[in-house]
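1. sequence and predicted model, in that order:
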Amino acid sequence: MTFLTRLNLPENHVEGEIPSSIGKLCYLMHFDISSNNVTGTISEILKGTDCLSRKPLPSLQDLDLSSNNLVGKLPEWLGQPKNLVELHLLYNSRHGPIPASLGLTKILSVLWLGRNELNGTLLESLGQLSKLILLMVLPII
């Protein structure tokens, strides 16, 4: 299973925390568990340090964890996957600032952070993303 490239489980009845074994899927490109009842944080769980590159989930292109019950700050490693194109984290209970590393991604084109409890200022580096098409950062209602 270490060669799995796509894991899609949206709108199921998935509950609990994301298992740390997901970080061992070095070839994972698409990970979608949106609209479930996933809890906990993603800080260390998805770091992917078992991959040869020692970078978090090096093949990841699309990460959708929206509409769950995830809490905590957005981890800095979110901006490290060099192939990340889409990041969907809306409708959770995330708090804290937007990680500076997100502004360093090269090909990120969709960034959904709305309906969380994020604070701070928008990163100056987000304006340098040449491919960014959609940025959604809405306050929680």
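-> Thanks, I have it.
2. look up how far H30 lies from K106.
-> K106 sits 18 Å away from H30, going by CB to CB, to the nearest Å. (C-beta placed from N, C-alpha, C; glycine too.)
3. my bad, should have said L4
-> 10 Å.
4. that older thread, who's more crowded, K106 and H30?
-> The residue with more neighbours, out of K106 and H30 and counting by other CB atoms under 10 Å, is H30; that gives 17 against 12.
5. phi first, then psi, for the more buried one.
-> The phi/psi pair for H30 (degrees, to the nearest 10) reads phi -130, psi 120.
6. quick one: residues contacting it.
-> Under the criterion of CB atoms under 8 Å, 6 or more residues apart in numbering, the contact partners of H30 comprise T5, R6, L7, N8, Q61, D62.
7. please name the bridge partners of the last one.
-> By that I understand D62. Using DSSP bridges, the beta-bridge partners of D62 come out as H30, E86.
8. same check, this time on the second one
-> Note on R6: beta-bridge partners H30, judged by DSSP bridges.
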